[in-house]
Structures are given as structure tokens and as C-alpha cells.
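**Q** following is a predicted model, sequence given first.
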Amino acid sequence: MAKAWGGRFQQETDPRVEAFTESVSFDSRLYAVDIRGSQAHATMLAKVGLISEDECSQICSELTKIGEEIEAGDFQYSAELEDIHMHIESALTERLGDTGRKLHTGRSRNDQVSTDLKLYVRDAIDELDALLLDVQRSLVDRCDQDADVIVPGYTHLQRAQPVKAAHYWLAYCEKFQRDRDRLADCRKRVNVCPLGAAALAGTSLPIDREMTAKLLGFDSVAGNSLDVSSDRDYLAEFVFALSLISAHLSTWCEEWIIWFSTEFSFLKLPDAYTTGSSIMPQKRNPDVLELIRGKTARVMASVPQLLILVKSLPMAYNRDLQEDKLAMFDAFDTVKACLELTPAIVAGAELRREQIASRLEDGFLDATALMEYLIKQGVPMRTGHETVGKLVAHCEGKGCRLADLSLEELQQACDLIDENVYGVLGTQNAMAALQSYGSGGEQPVADRVAAWKERVG
Ligand code: ARG
């Protein structure tokens, strides 16, 4: 095979090397951002006089056509051309001759690839932000639907204290908000333009980096050509942000898988998101939730993959960097697919209110409320903790609940207890007693629901 830039070589490339080194099989999806980048570059080259206005408009309109052909699936890929960038440039040259041969003036594939990746990641971030907002909206919608439902809150998966169901939904809303904030923060570093760093050292040609950066919507221009040619920090940050989204999705799925079990029976999942078993006719399995949880492994693996990739690279560009795309695309596609399904599952699931309510008085969910009542009666916290612990043991012995104890029994444990104690005992009362900002009680949750409605519309 002839080499693309064969001037220097006497031997042809081993065909296995072509297959081994190619990246077009996975970077062709960068075609649209590559064309955007090249059009901005050509516009700048014309402005500084490195190409004529006429050459610029020929290049730009031919690039648009090439983009349309790729989009329509009419573009011829060739095994000899390593990546999408070479494919587009070579198609341009084939069609425009010397004019096409001028496009790469003052540019290297090193800054070109990084520019394309940044444009791609920037769009991906905006897309993910919109998807996360949809998820948040579906959670906020559930708050009204489940407004009167109380659920047990757990620690160590042991019954702890009662909270409004909406408190659970908003807990995920908060997590996804941090994910959105993290993506927005990552976007700032993505939005610094590498174009013009050329191969590693910049160029002697009078390029206008500010102009290309502006044309492409970047906030600023990267200040060190060596640094930019090797920089993949933004990809590591991006996949880390994706991994945390995945972690949040995965905990939600894990929780709902548990809630969907016969043992819990807190939840009905819509048929559209469950599957049957090939042998057990009665089964309805939460496969979609399990797969969202399972796919987290791939997403998270992209973080070490990228870190290991960059950790020992000498400045500046090294071909290792070509591998960056595989990790990022896979993590992005996976998280995107999960987020696309999530709102429908959140909206379609139903809480099994009677099931939840029927066991709400089990597990001493009001024990902490009783302890806090004792504190309000003047009992030191540690003493109150011990007193209630003993009362719980007493109830376990009798097979009853704290609210079933007589005033005499309660006063035997602590003589500061009066009949108002029955106003905090029982799950409903224990939930209602929660009032601190951000807690799971009636009013604090109502306040947060209102705030979230305002925020996500
Ligand atoms: N296909 C390569 C990549 O995606 C292009 C690298 C070009 N630079 C180079 N010096 N070979 O990273």
C-alpha cells in the first residue's frame, strides 16, 4: 500500500499495521465536529491571507457536501486512510486539488483531533445535561403523586426513621444536580481551544487562534502548545463525571430492585421495563434496572483506562492517545442510553401503598423520635438513648410497639415522660416531628418540593 504522506519512506506499510493502527472504525463519529473545525480553520486562513476567499468558500462548501455524504452513508471509506480526519482531507483534495491541499496549513492532526474531541465532548455535556434534567423532572413529578406516602428510611438496610417518600425522590434529584454541576464545571476546561498548537510547538505562520476559537464557540485559547498536544485531562474529568452519574443511577436501581422483591413488595414496575424467565412462568424480573446497574462497571472502567493511558506519556503527542476515544465514547453512549430510559421507569413505577403502610409500624421507626422527646424533657442525650434502647428491648420481649406501652410502663423507664409522649410515638408522628431544614418531615419536604419545582420547572 502506498503511504498517505509517502515522501520520506522507501518501504510500504505492512497491511497488518494499517489494520492495527487505524482509528476510523471508531472515530468516524467525529466527522461533523471535524468538518465544523475545518471550516472555522479555513475561514481563519482566508482572513489572515494564507488562502484566498475563493479557496475558502470552495473548501467550506465541499466540506459541507462531504459531511452530507457521510451522514447519508454515501461516503467511501478506505483502508489506507487511518482516521476520519485523513478521510475528509483526502476527499477534499481529490475534489479540489491544490485548494484542498491547503486546508491543513498551520494545523496538525494533533491539535485537530483534540479540537474535535473537545467539540464533541461539549455537545455531549449539553446533551447529558438535558437528559439529567428530564430525570429530575420525572422525580419531582413523583413527589406530588406520592405526596401522602411515608416510607421507612434505612441505614445498613435496617429500618431507621420514617420519611416522606418524596424525600427519597428528591435525594436522587440532589445527586443528579451535583452531576449536572460537575459536568458544567468540566465544560469550562473543555471549552479552551487547542487549535493552532499545531503538532506540538505552534507555527511560524501568521494564524489567528483567537478567531478560530471564537468561531467554534470556545471561551479562550490554550496558552501552551506542548501542554495542549498532550492534554486529555478533560476526557478523564468527563468520564469521571459520567461514572458518578452511573453510580447514582446504579444506587437507584439497586434500591428499586430491592423494593421490587417479594420480600419488600414496595414497588410495582411497569411491564415495559421487566422481563420474564425462560423457565419460571411466574417471574417478572427487573432486568432493565439490573443492566443499568451492571453497565456501571464499563462506565467506571473508563476512568482508570484513561488515567493509565496518560500516566507515563512524555510530552507531547504520542500515538497512545488515539485509544482515548474508545473509553470516552463507550462511557458516554452507555450513560446516555441509561438516562434515556430512566424518566419512563421513574414515571411508570408505582409504590404499593398498602404493603408499605401495613408494615410501617414495624421496626421501631419512632425510637429516635422518642429519644428526642426525652431530650426535650431535659434528659441528657446519652441517657435518653439508653432509656429508649431498654424500652425497645422491653417491647421486643412483649411483642408490642412503643406506642402500645402504657404511660406507667413508660414512666417506669423515665419519670419525665408525660402523656404528650403519645404525640411522638407511632410512625406518622415520628415523621411529622422531623422539622430541621433538609429533613424528611412534612414541612421540610414540602419546602424542598416547592424549591425543586421552581428549579426544574
Ligand atoms: N488517529 C490519530 C488519533 O486519533 C491521529 C493522530 C495524529 N497524529 C499523529 N502524530 N500521528 O489520535
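**A** Happy to help now that I have it.
**Q** ok, the closest residue to the ligand within the stretch 201-350 of the chain to Arg122 distance?
**A** Closest approach between the stretch 201-350 of the chain and the ligand, counting by CB to the nearest ligand atom: Gln322, at 3.6 Å. Bear in mind the C-beta positions are built from the backbone N, C-alpha and C, glycine included. To Arg122, Gln322 is 20 Å away according to CB to CB, to the nearest Å.
**Q** surely Gly426 is in contact with Glu361?
**A** Yes - contact criterion CB atoms under 8 Å: Gly426 and Glu361 qualify, at 6.9 Å.
**Q** which elements pack onto whichever strand or helix holds Leu289?
**A** According to DSSP states H and E, Leu289 maps onto helix 287-310. Other elements packing on helix 287-310 under the criterion 3 or more CB pairs under 8 Å, 6 or more residues apart in numbering; DSSP states H and E are helix 233-260, helix 324-348.
**Q** mutual contacts of Gly426 and Glu361, please.
**A** 401, 403 (CB atoms under 8 Å, 6 or more residues apart in numbering).
**Q** quick check: the gap between the residue in the stretch 151-300 of the chain that the ligand sits nearest to and Asp231.
**A** With CB to the nearest ligand atom, the shortest gap between the stretch 151-300 of the chain and the ligand falls at Ala199, namely 7.0 Å. Relative to Asp231, Ala199 is positioned 14 Å away (CB to CB).
**Q** higher neighbour count, these two?
**A** Shown here are Ala199 and Asp231; by other CB atoms under 10 Å, Asp231 has more neighbours (21 against 15).
**Q** pretty sure that one sits against Ser114.
**A** Yes - if you go by CB under 8 Å, Asp231 and Ser114 touch, sitting 7.0 Å apart.
**Q** can you check which residues contact both of these two?
**A** Pro194.
**Q** tell me which helix or strand the closest residue to Gln112 other than its chain neighbours sits in.
**A** Nearest residue to Gln112, sequence neighbours excluded (CB to CB, 6 or more residues apart in numbering): His85, at 5.7 Å. Taking DSSP H and E as the criterion, His85 maps to helix 84-96.
**Q** name the residues of the next helix or strand after that helix that are buried.
**A** Note on helix 84-96: by DSSP H and E, the next helix or strand toward the C-terminus is helix 109-145. Residues 109-122, 124-125, 128, 131-143 are the ones in helix 109-145 that count as buried (16 or more other CB atoms under 10 Å).
**Q** off-centre distance for helix 109-145?
**A** 8 Å (CA atoms, centre = their mean, to the nearest Å).
**Q** neighbouring strands - and their directions - for the next helix or strand after that helix?
**A** For helix 109-145, the following helix or strand on the C-terminal side (DSSP H and E) is strand 150-155. The strands beside strand 150-155 in its sheet (DSSP bridges) come out as strand 158-164 (antiparallel).
**Q** compute the inter-axis angle for the helix or strand following the strand it pairs with and strand 150-155.
**A** Using DSSP H and E, the helix or strand that follows strand 158-164 towards the C-terminus is helix 165-190. Orientation check (axes from the mean of the first three to the mean of the last three CA atoms, to 10 degrees): helix 165-190 against strand 150-155 gives 60 degrees.
**Q** residues in contact with the residue lying farthest from the centre of the chain?
**A** Distance from the C-alpha centroid of the chain, by CA atoms, centre = their mean, peaks at Glu408 (55.2 Å). Taking CB under 8 Å, 6+ apart as the contact definition, Glu408 lies against nothing.
**Q** restrict the buried residues of helix 109-145 to contacts with the ligand.
**A** Contacts with the ligand are made by 109-110, 113 out of the buried residues of helix 109-145, judged by CB under 6 Å from any ligand atom.
**Q** of those, closest to the ligand?
**A** For these, the nearest to the ligand is Arg109 (3.6 Å; CB to the nearest ligand atom).
**Q** what's the closest non-adjacent residue to the closest one?
**A** Per CB to CB, 6+ apart, closest to Arg109 is His85, 5.4 Å.
**Q** got a list of what the closest residue in space to Glu94 that isn't next to it in sequence touches?
**A** Nearest residue to Glu94, sequence neighbours excluded (CB to CB, 6+ apart): Gly100, at 7.2 Å. Residues in contact with Gly100, defined by CB under 8 Å, 6+ apart, are 59, 62, 89, 92-94.
**Q** going by neighbour count, which of those are buried?
**A** Counted by 16+ other CB under 10 Å, those give 59, 62, 89, 92-93 as buried.
**Q** from these, pick the one nearest Ala367.
**A** Glu89 (71.0 Å; CB to CB).
**Q** now do the contacts for the closest one.
**A** 38, 100, 103-104.
**Q** other residues contacting stretch 301-309?
**A** 232, 235-236, 239-240, 242-243, 320-321, 323-324, 327-328, 330-331.
**Q** let me fix that: stretch 333-349
**A** Contacts for stretch 333-349 (CB under 8 Å, 6+ apart): 124, 127-128, 131-132, 134-135, 137-139, 141-142, 169, 242, 245-246, 249, 252, 256, 267-270, 272-273, 288-289, 292, 295, 298-299.
**Q** distance of Ile150 relative to Glu254?
**A** 22 Å.
**Q** right, I mislabeled it, should have said Val379
**A** Distance from Val379 to Glu254, by CB to CB: 38 Å.
**Q** which one of those two has more residues nearby?
**A** Using other CB under 10 Å, the more surrounded residue of Val379 and Glu254 is Val379, with 19 against 15.
**Q** so the more buried one sits in a helix?
**A** No - according to DSSP: H, G, I helix; E, B strand; the rest coil, Val379 belongs to no helix; its state is coil.
**Q** dump the residue contacts of it.
**A** Counting by CB under 8 Å, 6+ apart, the residues that Val379 touches are 387, 414, 416.
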